[in-house]
Structure formats: structure tokens, C-alpha cells
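**Student:** Let's see this in three dimensions:
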Amino acid sequence: MLDAARRLFTERGYAATSRQAVARAAGVAPQTVAAVAGTKRGLLEAVVDDAARSDGQPLPVALRSWLQELREQADAASLLRAHARSSAEVSRHTAGVTEAFRRAAAADPGIAELWEDFSQQRRRGQATVVELLAQRGPLRTGLSQSEAADVLWVLTDDALYSALVGERGWSHDRFAAWCGDTMCRTLLRPETFGNEP
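**Tutor:** Numbers count the residues shown, from 1 in each chain. Below you'll find the model as predicted:
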């Protein structure tokens, strides 16, 4: 059911997708959709949450396996490149539904509140990454931890993945490598990173 809802939200947008249409696409009764998700907003919330769990782990961010992978990185550059790879992998699964979510938020005040919560959660996740980064050495001179979290928040936005991979035709791997390199060059002192082997 969530797969059907994700596909319809991505293809048609939030406003044009009804619970009845999701039920038809999923081959279930409309009452089943209502029982599982409640309102259409509840269905969107469930789809966004499910899409973000591409690693099969539950939110919040602190419980996700990719964060444990970051903790295991020996140096700042390795941490950022691992973060770029895992973030790109999440975006591979979430970019379409995130765009539908973003458009719905622009038209529906209730969804706008949900979008703001989602955005703030993403920002908190990036702040957690920066805390791990700061444990491995100083950031680029003149860059605060708050600014570093803002930079990661932008670089891991699904919209950037959609623009370069979806619209400009970059490969997924090319995007992940570029993103990791950009994170290093933007956040770290030049002497603390080199080209990835």
C-alpha cells in the first residue's frame, strides 16, 4: 500500500492523489487505507517515513545504521565521504516523494507544518554529524559548527540529488563522490584531506 501511495504521490502529486486511488493501485479496500493511515496527511507521513528507512532501520536519526558507520570512521574526510554515500543512497529512494511533499507543503498549511518538522529533523541529523566531525579535528577556519550543519543540510537535500542525477543525468556514484569531495573541501582544513583512494 505504501509503495502504491509513494508512486502516486510522486507521479500525480499530493493534491491529485486520493486515498481511493491509492486503494485501487494497491488492490485493497479504501477502508484498509483509512484503517492503516487515517487521513491523507497520515498516509503522506507514513510514505515519507517509509521512504527514509531505505536501510531498514527506524527513525530517529540517532538509531540508524549509517550513523554507526560514521562513528567508526577514523578521520574527518572518511566520515564525510561515508556520509555523502549514505545520504545519496537515501536520496535515491526518497527524492521523488520528497518533491511531492515539498509541493504539498506549499499549498496546504497543515502539510507545511509537517514539512517544517521534517526539515528541522533533517537539520538536527546534520548537526549530529558535525558533532562527530568535530571530534576528529577542527573545522575549516572561520566555520562554526552551526554553519557546517547548514552546509550539510543543503548538500544532503533530496532536491540537489534530483537536480544533478534526475535532471542533469549524473550517475548516482558520480553524485556521491562529488558530494563527499564538496563536503570535505567546504568543511575541512585543506591539509586534513586528500583525494579518496
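**Student:** what about the chain, any weak spots by pLDDT?
**Tutor:** Residue ranges of the chain with pLDDT under 70: 51-64, 194-197.
**Student:** Show me what the lengthiest helix in it packs onto, helices and strands only.
**Tutor:** Identified as the longest helix of the chain according to DSSP state H is helix 76-107. Applying 3 or more C-beta pairs under 8 Å, 6 or more residues apart in numbering; DSSP states H and E, one finds that helix 76-107 contacts helix 2-12, helix 40-52, helix 65-71, helix 109-134, helix 145-155, helix 158-161, helix 172-187. Every residue, glycine included, has its C-beta placed from N, CA and C.
**Student:** Next, the angle helix 40-52 makes with that helix.
**Tutor:** Angle between the axes of helix 76-107 and helix 40-52 is 160 degrees (criterion: axes from the mean of the first three to the mean of the last three C-alpha atoms, to 10 degrees).
**Student:** on that earlier part again, for residue 33, find the nearest of the helices and strands packed on helix 76-107.
**Tutor:** Comparing those against residue 33 with C-beta to C-beta, the closest turns out to be helix 40-52 (6.7 Å).
**Student:** which residues touch that closest one?
**Tutor:** If you take C-beta atoms under 8 Å, 6 or more residues apart in numbering as the criterion, helix 40-52 is touched by 2, 5-6, 9, 14, 17-19, 22, 33, 36-37, 59, 90, 93-94, 97-98, 100-101, 104, 110-111, 114, 118.
**Student:** again, 6 Å this time
**Tutor:** For helix 40-52, contacts defined as C-beta atoms under 6 Å, 6 or more residues apart in numbering pick out 2, 5-6, 19, 37, 93-94, 97, 101, 110.
**Student:** for stretch 113-131, same thing?
**Tutor:** Identification of contacts with stretch 113-131 by C-beta under 6 Å, 6+ apart yields 61, 83, 105, 145, 148-149, 152-153.
**Student:** Repeat the analysis, applying 7 Å as the threshold.
**Tutor:** For stretch 113-131, contacts defined as C-beta atoms under 7 Å, 6 or more residues apart in numbering pick out 41, 45, 48, 61-62, 67, 70, 83, 101-102, 105, 145, 148-149, 152-153, 156.
**Student:** next one: stretch 8-19
**Tutor:** 21-22, 25, 30, 33-34, 40, 43-44, 47, 96-97, 100, 103-104, 107, 111.
**Student:** Please identify the buried residues of that stretch?
**Tutor:** 8-10, 14, 17, 19 (16 or more other C-beta atoms under 10 Å).
**Student:** got it, and stretch 172-190?
**Tutor:** So, applying 16+ other C-beta under 10 Å, buried residues of stretch 172-190: 175-177, 179-181, 183-184, 186-188.
**Student:** Could I get these in TSV, plus columns for distance to residue 134?
**Tutor:** As requested, these are arranged in TSV below (distance: C-beta to C-beta, whole Å):
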residue	distance to residue 134
175	26
176	23
177	24
179	20
180	18
181	20
183	14
184	15
186	15
187	10
188	11
